[in-house]
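Colleague: Sharing a model prediction with you, sequence too.
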Amino acid sequence: MAHPSRPNSLRLGVNIDHVATIRNARGGDHPDPVRAAQIVAACGGDGITAHLREDRRHIRDEDLKRIQEATDLPLNLEMAATDEMLAIALSHMPHAACIVPEKREERTTEGGLDAAGQHNHLQPIVTRLKDAGIRVSLFIEASERQLDSALQMGVPVVEFHTGEYAHAMAASDQERVARELKRLSDMAALAAKNGIEPHAGHGLTYDNVQPIAAIPQLAELNIGHYLIGEAIFDGLEPAVLKMRELMDLAR
Ligand SMILES: CC(=O)[C@@H](O)[C@H](O)COP(=O)(O)O
Ligand SMILES: NCC(=O)COP(=O)(O)O
């Protein structure tokens, strides 16, 4: 859903997981991710992304309802492909659910969902979410094999993992950056050509967001860890506004 004042623009979904990381560090209720969601809504963010992990290391079950009650922004629930998370999604009815790979031992999401390899496991979960009216997306690597599986499953959205691109940018490996950007750009075009709305996210920063934002078929970027980091120094509203400005200038 585009922001009313910016029809057809590239949407910014703000992932507030790591507000909850800081909150959980002391076992209390401050800083509250709900307050972050309200600030994002007030300063023009287009959506809230929250990853309810199996180990609840940051976002917790009770946060979901509170986030939904606190703002009218669409909630994009990131979830593993498990019966537990399916039941939680069907109970909370978020605007969207993005199925992501998850390993307890990982520090953060390490790659895209193997949609092709897990097709038979994923299909019934995708169908249940779609039948409930939840916009389903798959967090996948930008590859034809993964995109083809997403197409076969009938998902309306895919979110391309930009982690490899972000790592290449951080390493100033220009050849790898060019290769990753072409891969992401080609797959965004192929997704759109096949009626799937392409999104992107993971590891995006002020310094690397614009080449991604410039990919014309992308409809949404989900950005979290870096924005929450910047918010510690400059405040969440300025951080969101700066990311928004960089994205708009890239189009
Ligand atoms: C799927 C993805 O890249 C992120 O949205 C995800 O939430 C990362 O996991 P952490 O937020 O736990 O780092
Ligand atoms: N799906 C990507 C996301 O929500 C945020 O990822 P990151 O910016 O925290 O790396």
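Modeller: Thanks, I have the structure now. Residues are numbered from 1 along each chain as shown. Ligands and ions are numbered 1, 2, ... in the order given.
Colleague: Please tell me how far the spatially closest residue to residue 70 that is not a sequence neighbour sits from ligand 2.
Modeller: Counting by Cβ to Cβ, 6 or more residues apart in numbering, residue 70 lies nearest to residue 34, which is 4.6 Å off, once chain neighbours are set aside. From N, CA and C alone the C-beta is placed, and that goes for glycine too. Distance of residue 34 to ligand 2, given as Cβ to the nearest ligand atom, to the nearest Å: 17 Å.
Colleague: mind checking the SS state of residue 34?
Modeller: Here residue 34 is recorded as helix under DSSP: H, G, I helix; E, B strand; the rest coil.
Colleague: Tell me who's in contact with it.
Modeller: Neighbouring residues of residue 34 by Cβ atoms under 8 Å, 6 or more residues apart in numbering: 63, 66, 67, 70.
Colleague: what do you get for residue 187?
Modeller: Contact analysis of residue 187 by Cβ under 8 Å, 6+ apart lists 142, 143, 144, 147, 160, 198.
Colleague: can we see that at 6 Å?
Modeller: Applying Cβ atoms under 6 Å, 6 or more residues apart in numbering, we find residue 187 in contact with 142, 147.
Colleague: secondary structure element for it?
Modeller: Using DSSP states H and E, residue 187 sits in helix 174-193.
Colleague: And for the helix or strand following that helix, what's in contact with it?
Modeller: Downstream of helix 174-193, the next assigned helix or strand under DSSP H and E is strand 197-201. With Cβ under 6 Å, 6+ apart as the test, strand 197-201 has contacts from 157-160, 162, 188, 191, 212, 217-222.
Colleague: between those residues, which is closest to ligand 2?
Modeller: Proximity of those to ligand 2 (Cβ to the nearest ligand atom) peaks at residue 222, which lies at 3.5 Å.
Colleague: rewinding a little: gap between the helix holding residue 187 and the chain center?
Modeller: With Cα atoms, centre = their mean, to the nearest Å as the basis, helix 174-193 stands 18 Å off its chain's centre.
Colleague: dump the residue contacts of the residue most central in space within the chain.
Modeller: Most central in the chain under Cα atoms, centre = their mean is residue 222, positioned 3.9 Å from the mean C-alpha point. Shown in contact with residue 222 (Cβ under 6 Å, 6+ apart): 13, 15, 49, 201.
Colleague: Could you tell me how many residues sit around residue 195?
Modeller: Neighbour count of residue 195, defined by other Cβ atoms under 10 Å: 8.
Colleague: for residue 61, same thing?
Modeller: 11.
Colleague: before we move on, back to that, tilt between the helix holding residue 187 and strand 197-201?
Modeller: Orientation of helix 174-193 against strand 197-201 (axes from the mean of the first three to the mean of the last three Cα atoms, to 10 degrees) gives an angle of 150 degrees.
Colleague: Quick one: the strands in the protein, in order.
Modeller: Counting by DSSP state E, the chain has strands at residues 11-15, 47-51, 75-79, 96-99, 135-140, 157-161, 197-201, 220-223.
Colleague: With ligand 1 in mind, check whether the third one reaches it.
Modeller: Pointing back at strand 75-79 there. Yes: on the criterion Cβ under 6 Å from any ligand atom, strand 75-79 is in touch with ligand 1 at residue 78.
Colleague: What lies in contact with that strand?
Modeller: Contacts made with strand 75-79 from outside it, assessed by Cβ under 6 Å, 6+ apart, are listed as 13, 47-49, 51, 67-68, 85, 89, 94-98, 100.
Colleague: Which one of the residues you listed is nearest to ligand 2?
Modeller: Taking Cβ to the nearest ligand atom as the measure, ligand 2 lies nearest residue 49 of the contacts of strand 75-79, at 4.3 Å.
Colleague: Alpha carbons of stretch 168-181, as PDB, please.
Modeller: The C-alpha coordinates for stretch 168-181 follow below in PDB (Å, rounded to 0.1, in the frame of the first residue of the first chain):
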ATOM      1  CA  ALA A 168      30.200  -7.000  -1.600                       C
ATOM      2  CA  MET A 169      29.600  -3.300  -1.100                       C
ATOM      3  CA  ALA A 170      31.200  -3.400   2.400                       C
ATOM      4  CA  ALA A 171      34.200  -5.200   0.900                       C
ATOM      5  CA  SER A 172      34.400  -2.700  -2.000                       C
ATOM      6  CA  ASP A 173      34.400  -5.700  -4.300                       C
ATOM      7  CA  GLN A 174      33.100  -3.800  -7.400                       C
ATOM      8  CA  GLU A 175      33.000  -6.900  -9.600                       C
ATOM      9  CA  ARG A 176      30.900  -8.800  -7.100                       C
ATOM     10  CA  VAL A 177      28.700  -5.700  -6.600                       C
ATOM     11  CA  ALA A 178      28.000  -5.500 -10.300                       C
ATOM     12  CA  ARG A 179      27.300  -9.200 -10.500                       C
ATOM     13  CA  GLU A 180      24.800  -9.000  -7.500                       C
ATOM     14  CA  LEU A 181      23.100  -5.900  -8.800                       C
END
